[in-house]
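1. any chance you can model this:
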Amino acid sequence: MPFLSIYQVAPVEKSDQETQTEDKEWQDPKPFYRRIDKKYHDGPVAFNKEETKMYLTRNNYENKSEEGIVKLQLFTTQMQENGKWSSLEAFPYNSSEYSVAHASITYDGKCMYFASDMPGGFGGADLYKVSIKEDGSYGKPENLGARVNTWMCFILK
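-> Presented below is the predicted three-dimensional model:
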C-alpha cells in the first residue's frame, strides 16, 4: 500500500533568465528502496548529514507484545560503496514490549533523540536521547526529564 511505504522526491531546479530567480519543481515520487521497504508501515526516517546512514521507524507486526499490540522499532541502514543500502540493523534498545520510534539525529551525528514508552518514563511516551559513539555503537538512553516529558501520552497510542 503506497501510504505505508517510503518514497523519495528529488527537486528539479530551473533558472528563470529574465527574473534571475530560481524556481523549484519536484519530480514524481518514487519508491525509496524496495530492499528495505516491507508490506507493513515504514517511516518516518531520519538521515545523518552526509545522507549515508538512515534511521527508520518500522512496525514490529511479526513480534507483537504479550498483549498482542504492534509496537514500533528503530532500525539503521548504511549506504554502501555500490550505492545500495545495507541490510537493516536493529537498534539495541528495541523491544516487543514497548515502542522506540521517530529518530532525530544531531547535525554532528553524535546524538539521537527518539520517542519511547519504555519502562521508567514520566508518562505514556517520553523523549529520550542516546549518544552515538565513533564506532557506531550507542550509549545508554537518557530520559529528557520532567521539564520536557509529561504524564500524558501524546504519541505512540
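2. you'd agree residue 54 is up against residue 85?
-> Yes. In this structure, residue 54 is within contact of residue 85 by Cβ atoms under 8 Å, at 6.9 Å. The C-beta positions use only the backbone N, C-alpha and C, and glycine is treated the same way.
3. neighbour count winner among those two?
-> residue 54 (23 against 18; other Cβ atoms under 10 Å).
4. and the helix or strand containing the more buried one, C-alpha only, in CSV?
-> Using DSSP states H and E, residue 54 maps to strand 53-59. Extracted C-alpha coordinates of strand 53-59, given in CSV (Å, rounded to 0.1, in the frame of the first residue of the first chain):
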residue,chain,number,x,y,z
LYS,A,53,23.1,6.4,7.3
MET,A,54,19.4,6.2,7.6
TYR,A,55,17.3,5.7,10.8
LEU,A,56,14.0,4.1,10.1
THR,A,57,10.9,3.5,12.3
ARG,A,58,9.1,0.3,11.5
ASN,A,59,6.0,-1.5,12.8
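5. chain center to the helix or strand following it, what's the gap?
-> Next helix or strand after strand 53-59 toward the C-terminus (DSSP H and E): strand 72-78. Taking Cα atoms, centre = their mean, to the nearest Å, one finds the center of strand 72-78 at 7 Å from the center of the full chain.
6. what's the answer for stretch 81-94, then?
-> For stretch 81-94, the distance to the chain centre is 12 Å (Cα atoms, centre = their mean).
7. hmm, back to that, shared neighbours, residue 54 and residue 85?
-> Listed as contacting both residue 54 and residue 85 by Cβ atoms under 8 Å, 6 or more residues apart in numbering are 77, 79.
8. show me the strands in the chain, by range?
-> 7-8, 11-16, 21-26, 30-31, 42-47, 53-59, 72-78, 89-90, 100-105, 111-116, 126-131, 142-143 (DSSP state E).
9. which of the residues in stretch 57-73 are buried?
-> By 16 or more other Cβ atoms under 10 Å, the buried positions in stretch 57-73 come out as 57, 58, 59, 60, 71, 72, 73.
10. quick one: contacts for the first one?
-> What that stands for is residue 57. The contact partners of residue 57, by Cβ under 8 Å, 6+ apart, come to 42, 43, 44, 45, 72, 73, 74, 101, 102, 103.
11. what does the last one give?
-> With contact taken as Cβ under 8 Å, 6+ apart, residue 73 is in contact with 57, 58, 59, 60, 90, 91, 94, 99, 100, 101.
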